[in-house]
Structures are given as structure tokens and as C-alpha cells.
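>>> I'll drop the sequence and a predicted model, then ask my questions.
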Amino acid sequence: MPLLEVENLKVSYGDFQAVNGVSLTLDEGQTISIIGANGAGKSTLLNAISGIHGQKTGTVRFAGKDITRHRADRIARAGMTMVPEGRRLFGSLSVEENLLIGASAGRAGQWTTGAIYELFPILGELRHAVANSLSGGQQQMVAIGRALMTNPRVLLCDELSLGLAPTIINDIYRCFGAIRSTGVSIVVIEQNVTQAVAAAGYAYCLLEGQVSLEGPTDMLAMDDITAAYFGTEKTE
Amino acid sequence: MIWVETIVNGMLLGGLYALVGLGLGYAFGIMKIVNVTQGDFIVAAAFLGVFLVPWTPVHPLLVIVPVAAISFGVGILLQWLLINRVLGQDPIPQILLTFGLAIVLRNGMVELYGANSHSIDVGELRFMGFDFLGLRLGVLPVVILGIALALFAGLHLWMRRSRMGRIIRATADDHQVAQLSGINYRRVYGIAMGIAMALSAVAGVLLAMRGSFTPYSGADRLLIAFEVVVIGGLGSFWGMFAGGIILGVTQLVALKLDPSSGLMWGHLMFLLILFLSPNGIAGMVRR
Ligand SMILES: Nc1ncnc2c1ncn2[C@@H]1O[C@H](COP(=O)(O)OP(=O)(O)OP(=O)(O)O)[C@@H](O)[C@H]1O
Ligand SMILES: [Mg+2]
């Protein structure tokens, strides 16, 4: 039984349907990625899965339970949380306070502030700094740390590379190994195809709210991905 | 010397005005909700005080404890049962809802108690005075300022240091993302509104001990609360405290010069500050 199972999910903003029937599965310990261009519906899909966005039909099953209609806070307490697009830290709180908010989910596990500072040593030095004063890369680390502090079984990551320099993006993605080794299953959303394909074992390509291509990342040809990504015909 | 005494008395009154604004400003700072009911609720709490004083042991002043506890519960229920239903991008439904409730509350009080003026009897404490550096001050105003200061400082510390305070601050920053950490922001809003109403209620009881009130006093109280919050710079604790002091001092000094002016000069001072610094005192300091 997959840990996360999404079936024919349709998500709307009022009359506008941004996700048109997406299905995907995530097994325990697996990392999958969802790629797609600007406006493909990636964030909308993730917001719907995490419970932030309520206007949807279809099914989301987590650990065998139908959670389609559950609120986001309940889903987080059950063990699935998200690193939101654009980081969205609690700007007036310190780094450490942001992390401790993650602990509000009340889930025991190996992710404590100490473990986060081991994963991102710079955050230990900045623990008393106000979140708003950090650089983009440091903020992204806090956002990941805050999500890990809920001790999730599934971590949904929305465009971690957004607005960051390439070297910093590599630093951020390097932490995935350590996170996976604690048994966390991960869904990564990216516009950055190379990064997403490298990070995951299985990838879905989203185009105008629908899956245009999917498969194990080592089986996907770059040409096919490009065609599915932009919705163009493959160049022979 | 008589002017120093007037200014000191203005500060004593101003501390209480600051407390009148604190509840409104606290709720606004966290939820971006303007709970118009708070003006009339301040009056309702004073009636509750009148009712409970005969049963209050040790000293009538302690009536603020049960009144605050009951108001905390009322605030939570108000938020959970009514205001949470109309939350959203549009602030109008929530203002209409609380405005409607305020009218119901006021008419209910007029129906029950008539238009007469009332006050809470604190016994001889009301007439006791003492000499301080050549000034003649009342004991009750000083005690009330002490209570106001203690509530400001206590709330500030609790918000900074406690786990719940941290959760409330995070929810104020971004209630949607707070959910991703397992926080039910509607429940947090209820607690915040409970605290806000308890603060307003204590202010109402203390006002009724210093002076008098009628079922119609709510509009005046709400105006003072608005002015304190706006002068203070929307949600800044110590800005609000300074705002209350400015209003209190202005009012008493003006009354000395022009005994029939009532609250007018306080309101003019409010407009002047708003004109000079649209972000209030906190905005001035930040600049
Ligand atoms: N709040 C909203 N109201 C209305 N439409 C929206 C809203 N948010 C997104 N959309 C629309 O839904 C579609 C999908 O947007 P979404 O943010 O999910 O795309 P995305 O794949 O995450 O894009 P990006 O890579 O730029 O983050 C877009 O057409 C967008 O304009
Ligand atoms: Mg997006």
C-alpha cells in the first residue's frame, strides 16, 4: 500500500480549474518529483494535497486513510506537511522560534532543534536572529527545518530553488540524503528540471493541470521531458 | 505645582485609557479583526462587576478576577461560534457582525437597567489620598495605573516567553502556514479573542470604579480604544501605552483650561498625531 495516493484530483479557484484530474503515488521512503513550467498547477496540486486549499474533488489517501476533506493542521498532525513556495517564515519570530513552531504538531521523533542545527550548522549560529533578517538560502533552511520539526512521514517541498543562486541550491538539496535516511518520504516540486530529476527516483511532468509524462527518472529521456514540459511536439 | 499635579493625574487616567485600547489593539494585531462589540462589552463588564461586587470576598477591587474569567469565556465563544464563520479576505462581514452584536448588547442593557448612570462601589478606597513629593494623589487612580501596567507587562512577557504566546505570534504572522505545523488557527483566534475581551472587561470595571457609566457609554469607550490603538501604531504594546498617556494628559490639562471641553481636546490631539505621523508613535520611533 502506498503511503500517499492521489486519485483524479481536480482543484479550482472559483470557476477556474487549475488541476484537471491528477493521480500519483508515493511509497514509503521514496522521493518523487513533479516538474512543470510556470503556472502548470504544481503549487495548486501541493496546496490541495497538504490541505491548505479546500476547493477540490477526487481522493487523497494518506497512510490508508481518506484525508481529502481534512484540514491542513489535522493532516500535519497526522504526519504530512509542506515547505511552502516562497518559504513564508514567521517573519517576526527568531530562527529557533520558527523551528519550535514546527514542534507544535506534537509528533515525537528524531527531529529536534539540535538535529536541525546539525543538518544546517549556520542556523545554530543564527538561532536568535529574526527570521526576516536572513538571506534567502538561510530562510529556505529554516523553512525546511520548521517542516522537519513536525517529524513528518511525508515532506512536500514547493520549489526550494526559487530565487536562490545555483551554489546555494546545491547546498539545500544536499540535505536530502540526511532527511531520507531518517525514513521521510519526499515530494519535490521544481521548475528546475535537472535538480528535480537528480533528487528523485520517479518524476511526473505537469502541463496545464494534467500529467503529461511520468516515469522512473533513469528511464526518462531529456527530449521527452522537454516536450512534456513545454507541451511541444518532440523534435525528431 | 497644580499643573504638575494635573499632568500626573492625566498620566494616571491615561494608563487606564491605554488598557481600554489594549484589548482592541491586541485582537487587531493578531487577527486583523476590528471587534466593534468591545466598546459595549466594556460597559456590559461594568454591569457584571456591579452585580458581582456584593459576592466578592476580601476587597471589591478583586471583582476584576471573576469578570475577567467570565469575559475570557465569552470572547472564546464569540470567536468560535460567530466571528470564525465570517473570516476571509473581506473585512466587511466581520465588522457588520460585531456592529450588530454591539447594538443588541446596548439595547439589552438599556432594557434591563434604564438610562441611569451607575458606578462600582469600592468603599472608602475611592476617597483615600496620599501626599507624594508635595503632590496630593488618589490611592485608587494609582492602584488602577499599577494594574494597567502589570497587565501590559504581563501580557508582553507571556507573548514573548510562553509556548502559547509563540504560537499566537506565529499565527498572527501567517495563519495559513501555521496550519502546516499542526496549528488550528481558529482555535488560536478564540484564545486571542478571549484574552482581548478579558482585558477590555477589566478596563470597563476599573473605569466604573473611577467614574460612572450608563448603558450608552460604549460608544465613548470604543472611541478612546480606537484612538489609543491608532496613536500607538496598530498593535505595538508600548506605543498603545504611550497613546493612552497622551490622551489622558491632554484631556485633564484641557479640562483645567476649559472646564466644559470634555473629551474634545483629546480627540483633537488624536487627529493632530494622526496628521503628523499616520503610523502613530511606533511609526515615529521607527523612522
Ligand atoms: N489564488 C489564485 N486564484 C486564481 N488563480 C490562481 C491562484 N493561484 C494560482 N492560480 C492559477 O492557477 C494556475 C496554476 O498556478 P500554480 O501556482 O499552481 O502554478 P505553478 O505550477 O506552481 O507555477 P510556478 O512554477 O510559477 O510556481 C495558474 O494559471 C495560476 O494563474
Ligand atoms: Mg508554484
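Now that the structure is in, tell me what you want to look at. Numbering: from 1, shown residues only, chains lettered A, B, ... in the order given. Ligands and ions are numbered 1, 2, ... in the order given.

>>> what does the average pLDDT come to for stretch A:31-43?
Model confidence over stretch A:31-43, given as mean pLDDT, is 91.

>>> Centre of the chain to it, how far?
Averaging C-alpha positions (CA atoms, centre = their mean, to the nearest Å) puts stretch A:31-43 10 Å from its chain's average.

>>> next one: stretch B:125-142
For stretch B:125-142, the distance between its averaged C-alpha position and the chain's averaged C-alpha position is 24 Å (CA atoms, centre = their mean).

>>> what does it contact?
Stretch B:125-142 has contacts (CB atoms under 8 Å, 6 or more residues apart in numbering or on different chains) with B:1, B:4-5, B:8-9, B:12-13, B:16, B:59-61, B:122, B:143, B:209-210. All C-beta spots, glycine's among them, are computed from the backbone N, C-alpha and C.

>>> again, only using 6 Å
Under the criterion CB atoms under 6 Å, 6 or more residues apart in numbering or on different chains, residues B:5, B:12 lie in contact with stretch B:125-142.

>>> And it, end to end?
11 Å (CA to CA, to the nearest Å).

>>> Residue 46 sits in which helix or strand?
Assuming you mean chain A. Applying DSSP states H and E as the criterion places residue A:46 in helix A:42-50.

>>> that's the other chain; I wanted chain B
Assigned by DSSP H and E, residue B:46 falls in helix B:37-52.

>>> quick one: buried residues of that helix?
Neighbour counts using 16 or more other CB atoms under 10 Å in any protein chain shown place B:37-50, B:52 of helix B:37-52 among the buried residues.

>>> quick one: which of the residues you listed is nearest chain A?
residue B:38 (24.2 Å; CB to the nearest CB).

>>> could I get the helix holding residue B:46 in PDB with only the CA atoms?
Backbone C-alpha positions of helix B:37-52 (Å, rounded to 0.1, in the frame of the first residue of the first chain) are rendered in PDB as follows:
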ATOM      1  CA  THR B  37     -18.500  44.900  20.200                       C
ATOM      2  CA  GLN B  38     -15.700  45.600  22.500                       C
ATOM      3  CA  GLY B  39     -16.900  49.200  23.300                       C
ATOM      4  CA  ASP B  40     -20.300  48.000  24.600                       C
ATOM      5  CA  PHE B  41     -18.800  44.900  26.100                       C
ATOM      6  CA  ILE B  42     -16.700  47.200  28.300                       C
ATOM      7  CA  VAL B  43     -20.000  48.500  29.600                       C
ATOM      8  CA  ALA B  44     -21.500  45.100  30.000                       C
ATOM      9  CA  ALA B  45     -18.500  44.000  32.000                       C
ATOM     10  CA  ALA B  46     -19.000  47.000  34.300                       C
ATOM     11  CA  PHE B  47     -22.600  45.900  34.900                       C
ATOM     12  CA  LEU B  48     -21.300  42.400  35.600                       C
ATOM     13  CA  GLY B  49     -18.900  44.000  38.100                       C
ATOM     14  CA  VAL B  50     -21.800  45.900  39.800                       C
ATOM     15  CA  PHE B  51     -23.600  42.600  40.100                       C
ATOM     16  CA  LEU B  52     -20.700  40.500  41.400                       C
END
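
>>> mind exporting whichever helix or strand comes after the helix holding residue A:46 as CSV, just the C-alpha atoms?
Beyond helix A:42-50 on the C-terminal side, the first helix or strand identified by DSSP H and E is strand A:56-62. As requested, C-alpha coordinates have been extracted for strand A:56-62 and formatted as CSV (Å, rounded to 0.1, in the frame of the first residue of the first chain):
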residue,chain,number,x,y,z
LYS,A,56,-11.2,20.1,-4.8
THR,A,57,-12.7,16.8,-5.9
GLY,A,58,-11.1,13.4,-6.2
THR,A,59,-9.3,11.5,-3.4
VAL,A,60,-6.2,12.0,-1.3
ARG,A,61,-5.3,8.9,0.8
PHE,A,62,-2.5,9.1,3.4
